[in-house]
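*Asks:* A structural model of the following input is requested.
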Amino acid sequence: MTATASAIGTGAAFKTLTPGVISLAPLIAGVVAQSAAIAAFPLGGMAGAWWYGVFPARPDPQLIALCAVALITVFALVSTFAGLITDPLQSLLGIHCWRLRRLVRALSTPGGQLAAPEHGMARAGDLADMAVNLKRFWTG
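*Replies:* You can find the predicted model right below:
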C-alpha cells in the first residue's frame with residue numbers, strides 16, 4: 001500500500017495517474033531523456049530547452065527498462081522499511097487493535113471468514129496500473 005501511495009504521489013507531481021512503477025517508469029525516463037537532450041544540444045542549453053520544448057525528446061526502450069528496474073529497487077526498499085513509519089502511526093490511531101480484534105472475532109466464530117480488504121485495495125492498484133498502461137499502449 002505504501003509503494004502504491006508513493007507511486008500515485010510521484011505521478012501527481014507529473015499531473016498524471018501512475019498507480020504503479022510500470023506506469024511511472026516512462027515518465028521518469030522521459031524527464032531523463034529530455035534533460036540529457038537539452039544538455040547535449042549543440043547550440044547551448046537555452047536553445048536546447050526551446051527546441052525540445054517544441055519537439056520533446058523520446059526515451060529509448062532501454063532507458064525506460066533501466067528506470068523501471070531502478071524504481072522497482074527503490075520502491076522495494078521503501079516497502080521494506082515502510083513499517084518503521086506506518087506501524088507506530090497505525091498503533092497511535094488504534095488500527096492495530098482494531099485489526100487484531102477482527103482477526104480474533106473471525107477465528108473464534110465457527111466457519112468465520114476473515115475478510116482482508118487491504119489486500120483487495122492493493123490488487124485494485126495493480127489492476128489500475130495495468131489499465132493505465134494498456135490505455136497508453138493503445139492510444140500511443
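*Asks:* three-state assignment of the residue lying farthest from the centre of the chain?
*Replies:* Here the chain reaches farthest from its C-alpha mean at P110, the gap being 39.6 Å by CA atoms, centre = their mean. Here P110 is recorded as coil under DSSP: H, G, I helix; E, B strand; the rest coil.
*Asks:* State the pLDDT value of it.
*Replies:* Note on P110: pLDDT of 79.
*Asks:* go on, A37?
*Replies:* We have a pLDDT of 94 for A37.
*Asks:* State the distance from it to F75.
*Replies:* Here A37 is placed at a distance of 27 Å from F75 (CB to CB, to the nearest Å). For every residue, glycine as well, the C-beta is placed using N, CA and C.
*Asks:* for I22, same thing?
*Replies:* With CB to CB as the criterion, I22 and F75 are 11 Å apart.
*Asks:* and if you look at V54?
*Replies:* Per CB to CB, V54 is found 34 Å from F75.
*Asks:* Compare these two (neighbour count), which wins?
*Replies:* Each of V54 and F75 has its neighbours counted (other CB atoms under 10 Å); F75 has more, 20 against 6.
*Asks:* what's the neighbour count on the closest residue to that one other than its chain neighbours?
*Replies:* In this structure, F75 finds its nearest non-sequential neighbour in A3, 4.5 Å apart by CB to CB, 6 or more residues apart in numbering. By the measure other CB under 10 Å, the count of residues near A3 is 21.
*Asks:* Let me know the helix or strand that A3 is in.
*Replies:* Assigned by DSSP states H and E, A3 belongs to helix 2-13.
*Asks:* Following the chain past that helix, name the next helix or strand.
*Replies:* Following helix 2-13 in sequence order, the next helix or strand is helix 21-39 (DSSP H and E).
*Asks:* Could I have the CA atoms of the helix or strand hosting R102 written out in CSV?
*Replies:* Taking DSSP H and E as the criterion, R102 maps to helix 95-108. Presented in CSV, the C-alpha positions along helix 95-108 are these (Å, rounded to 0.1, in the frame of the first residue of the first chain):
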residue,chain,number,x,y,z
ILE,A,95,-5.7,0.4,13.7
HIS,A,96,-3.6,-2.5,15.1
CYS,A,97,-6.0,-3.2,17.9
TRP,A,98,-9.0,-3.0,15.5
ARG,A,99,-7.4,-5.5,13.1
LEU,A,100,-6.4,-7.8,15.9
ARG,A,101,-9.9,-7.8,17.3
ARG,A,102,-11.3,-8.5,13.8
LEU,A,103,-8.9,-11.5,13.5
VAL,A,104,-9.8,-12.9,16.9
ARG,A,105,-13.5,-12.5,16.1
ALA,A,106,-13.1,-14.3,12.8
LEU,A,107,-11.1,-17.1,14.3
SER,A,108,-13.5,-17.6,17.3
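*Asks:* Thanks a lot, see you next time.
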